[in-house]
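Student: this one's sequence-less:
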RNA sequence: GCUAGCGUAGCUCAACGGCAGAGUACCGGUUUUGUAAACCGGUGGUUGUGGGUUCAAAUCCCACCGCUAGCUCCA
């Protein structure tokens, strides 16, 4: 007899080989048919798996999962990934399978297939999947030892699975498989009991992916799909996807003339059109006022700086590949730079660099006017490198600035600093340039030239906690000011297993990470820790902000840095008359103006609140007889600081109203004969519609109040079903 | 950077080897209007760029530039 303990504490007896399905059937047939999976001793597992096999614990703690449990969705989707893979294998023989995990909203399967799958193939694949679902075959689990498993997958010509068993699963004594009809796949599971449980599914897209995420590895095709327990859930999900599409900042940015990216200017270089620039300027003015109130000092620094400075900070060597190439004063600059890198590769890992090739470089350099009489041609590679490095440092070498911090460090160093001066808080909307990979560029969200709402705080070690705390408060405040109150904080730490990616000492890192934990805990801000997400010079707290349709964006960041002060030998004189080293805090509440504005466009679906709207008010005349009055109204509002225009076209009022609605203007002031007589305006709210006539000054006061309070009225017009992250189930193999 | 798909009027799209078109925007005129589209007329194109195939190329082929999705990356 096997004793099973249900969630309410009841103990029930079952035969030794009983499964969760048997237990469910004994409770009620209806429960049995609703059961998708089971949690046995805390592990999600199949309902058809013998309970005694799944755990040694007695009585067996069992919880049944039905469609209502979020974990069930992950099981369903992973099973649907198998069904999709099976369908693809039926349609195109010779398919090799890689991984097929679930994602937040669905699943994918990576495959190697000689046929290039396109969206045109989706109906065929979906039809084949439907046939498999209709057959309703069970998913059967079985276990093999390593040898059997290798034989099995090799026999099915699944070379990627062979490789995975030999590498990723090298330490597993046994591995599990799932069989469904002719389809057998190496898989950790769990799975739904049978294919009939799939009630609604859809293929979403196909794209490239790399085997095991390695860009130098094999290119695979990744098929994305989603699956739900009802057609209604699927439709609701697709609605949400369409809503996100409707809000696309690239589309709205074009329609509303907010920004443009021109092929002629260059990839990833954003042109802020007057309306977009107005939004940005309003945000910047708001932040600047706030910073002054909080003791920050404005600074400005140039857009380029000497490469040496970025070698000192570490940015140049660390991010070499994603920076614009340096600007060299000497014609041979780029050549010598290449030469040095070849010598470095030769020194560090013996990468071949023939004397003939080096001679060619030397000859070319001479031709370009470089003096090489003293070059130690017969010296060691290190000696040759040092000669060239010395030459390089004597030349003009500038870098388009990829980061503001080294410049702000120089501003700190421009004066002698006393402990009485600290904290020194230097703020700048600093524009930086990064040569992001072309495939990464995306509207305003990922660009090559961006302006950070940057600041660097130079503090004494005693001030770290307090200053860090107040910067977090600032981030919270500015996010709240644009109505973003739903966010979580991520503490991004160093990867403890791969320390070579970071600069500084173990002690410094521990110290910094502990400080951040302490502040977040004291402020009662819930946070999740992520290893390997830190900047190379220090740990970060990143704000992951959720917008009104539930998507998450990484925006603001606050970072603690013990390393740059060390590298730049920063100092202040303490009360003890000794020199001490300050600590730096890097922070950007919005991140970059480009990314933040792009995100806001999508959050508000282009309909900005009054205080941010580029065109706040449009005055429209009923006919040209009232043109003068309309102009008077416009002048009154403009004098009061509003961004106001007039529509004096010979069109009907209906047309003028429609255009203003489409352009998402917050308020329309309609003026006709009655208004001229009574000194009123007829006010129309973009959201509420006609508000009737109001004395001019009353309308002015109403709108002034709305601006002063930065009222936000336009979000959450539509409530979307929240889709819980179903979690990464069953993706180990 | 990689894989796949896509580039036609300012914008949205049609034409898919045989005369490059529609809606909208824009310009001119008529209309003088009270809360989501009045009417008439007109301008606008070396079909992303360069090469090739063909009697003939927006259409087929090649290269480059750019965009999109995903991967990889993100100080």
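Tutor: Structure's in. What do you need? From a predicted model like this one, the values you see are computed outputs, not experimental measurements. Numbers count the residues shown, from 1 in each chain, chains lettered A, B, ... in the order given.
Student: can you pull the contacts of residue A:393?
Tutor: The contact partners of residue A:393, by CB atoms under 8 Å, 6 or more residues apart in numbering, come to residue A:308. C-beta: built from backbone N, CA, C; applies to glycine.
Student: check which helix or strand covers it.
Tutor: With secondary structure defined by DSSP states H and E, residue A:393 is part of helix A:381-394.
Student: Following the chain past that helix, name the next helix or strand.
Tutor: Past helix A:381-394, the next helix or strand by DSSP H and E is strand A:397-400.
Student: Check which strands are paired with that following strand and give the direction for each one.
Tutor: strand A:304-306 (antiparallel), strand A:327-328 (antiparallel) (DSSP bridges).
Student: So for that strand, mean pLDDT?
Tutor: Strand A:397-400 carries an average pLDDT of 95.
Student: Ok, stretch A:614-633 next?
Tutor: The model assigns stretch A:614-633 a mean pLDDT of 95.
Student: Give me the buried positions along the helix holding residue A:393.
Tutor: Applying a neighbour-count criterion of 16 or more other CB atoms under 10 Å, one finds A:384-385, A:387-388, A:391-392 buried in helix A:381-394.
Student: Same list (the residues you listed) but as a markdown table, adding pLDDT.
Tutor: Compiled in a markdown table, the buried residues of helix A:381-394 are given as follows (pLDDT from 0 to 100):
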| residue | pLDDT |
| --- | --- |
| A:384 | 97 |
| A:385 | 96 |
| A:387 | 97 |
| A:388 | 97 |
| A:391 | 96 |
| A:392 | 94 |
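Student: Off-centre distance for the helix holding residue A:393?
Tutor: 40 Å (CA atoms, centre = their mean, to the nearest Å).
Student: for stretch A:241-260, same thing?
Tutor: Distance, centroid of stretch A:241-260 to centroid of chain: 18 Å (CA atoms, centre = their mean).
Student: Are it and RNA strand B in contact anywhere?
Tutor: Yes. Between stretch A:241-260 and RNA strand B, judged by CB under 7 Å from any atom of the strand, the touching residues are A:250, A:254-255.
Student: Quick one, which of those are buried?
Tutor: The buried subset of those (16+ other CB under 10 Å) comprises residue A:250.
Student: shaky segments in chain A?
Tutor: Along chain A, the model assigns pLDDT under 70 to residues A:715-733.
Student: Which segments of it make up each domain?
Tutor: A:2-66, A:71-242, A:278-298+A:401-603, A:304-399, A:617-708 (automatic domain parsing).
Student: chain center to stretch A:564-584: distance?
Tutor: 35 Å.
Student: What are the buried residues along it?
Tutor: Applying 16+ other CB under 10 Å to stretch A:564-584 flags A:564-568, A:570-572, A:580, A:582-584 as buried.
Student: how close does residue A:372 get to RNA strand B?
Tutor: 32 Å (CB to the nearest atom of the strand, to the nearest Å).
Student: sorry, back to before: want to throw the strands paired with strand A:397-400 into CSV with mean neighbour count and distance to residue A:617?
Tutor: CSV is the format used below for those (neighbours: other CB atoms under 10 Å; distance: least, CB to CB, whole Å):
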stretch, mean neighbour count, distance to residue A:617
strand A:304-306, 17, 42
strand A:327-328, 16, 46
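Student: wait, which of these is closest to residue A:361?
Tutor: Comparison of those against residue A:361 by CB to CB identifies strand A:327-328 as nearest, at 14.9 Å.
Student: Quick one: distance of that closest one to the chain centre.
Tutor: 33 Å.
Student: Show me the contact partners of that strand.
Tutor: Contacts of strand A:327-328 (CB under 8 Å, 6+ apart): A:304, A:334, A:337, A:395-400.
Student: want to throw these into a markdown table with distance to residue A:530?
Tutor: Compiled in a markdown table, the contacts of strand A:327-328 are given as follows (distance: CB to CB, whole Å):
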| residue | distance to residue A:530 |
| --- | --- |
| A:304 | 34 |
| A:334 | 38 |
| A:337 | 35 |
| A:395 | 41 |
| A:396 | 41 |
| A:397 | 36 |
| A:398 | 35 |
| A:399 | 30 |
| A:400 | 30 |
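Student: Just the buried ones from the residues you listed?
Tutor: Buried among the contacts of strand A:327-328 by 16+ other CB under 10 Å: A:337, A:397-400.
Student: Now tabulate the residues you listed in CSV and tack on distance to RNA strand B.
Tutor: Below are those laid out as CSV (distance: CB to the nearest atom of the strand, whole Å):
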residue, distance to RNA strand B
A:337, 17
A:397, 16
A:398, 15
A:399, 9
A:400, 10
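Student: Pretty sure residue A:335 sits against residue A:364.
Tutor: Yes. At 6.0 Å, residue A:335 counts as touching residue A:364 under the criterion of CB atoms under 8 Å.
Student: which one of those two has more residues nearby?
Tutor: With neighbours defined as other CB atoms under 10 Å, residue A:335 and residue A:364 compare such that residue A:335 has more, 18 against 14.
Student: and stretch A:203-219, how far from the chain's centre?
Tutor: Taking mean C-alpha positions (CA atoms, centre = their mean), stretch A:203-219 and its chain are 19 Å apart.
Student: check contacts around the one residue in the stretch 451-600 of chain A that gets nearest to RNA strand B.
Tutor: Nearest to RNA strand B in the stretch 451-600 of chain A, going by CB to the nearest atom of the strand, is residue A:535, at a distance of 3.7 Å. Applying CB under 8 Å, 6+ apart to residue A:535 gives the contacts A:492, A:559, A:561, A:586.
Student: The helix or strand where the second one lies: which residues count as buried?
Tutor: Meaning residue A:559. Per DSSP H and E, residue A:559 falls inside strand A:552-561. Using 16+ other CB under 10 Å as the test for burial, strand A:552-561 gives A:553, A:555-561.
Student: Can you tell me the strand partners of it and which way each runs?
Tutor: When DSSP bridges is applied, strand A:552-561 pairs with strand A:540-546 (antiparallel), strand A:583-588 (antiparallel).
Student: Name the stretch among those that sits most buried.
Tutor: strand A:583-588 (a mean of 25; mean count of other CB atoms under 10 Å).
Student: Contacts for the helix or strand following that one next, please.
Tutor: Next helix or strand after strand A:583-588 toward the C-terminus (DSSP H and E): helix A:593-603. The contact list for helix A:593-603 (CB under 8 Å, 6+ apart) reads A:244, A:247-249, A:252-253, A:258-259, A:270, A:276, A:279-280, A:283-284, A:429, A:443-447, A:450-453, A:482-484, A:545, A:547-548, A:551, A:553, A:555, A:590, A:608, A:612, A:715.
Student: Please pick the buried ones from the residues you listed.
Tutor: Applying 16+ other CB under 10 Å to those flags A:247-249, A:252-253, A:258-259, A:270, A:276, A:279-280, A:283-284, A:429, A:443-447, A:450-453, A:482-484, A:545, A:547-548, A:553, A:555, A:590, A:608, A:612, A:715 as buried.
Student: Great, nothing more from me.
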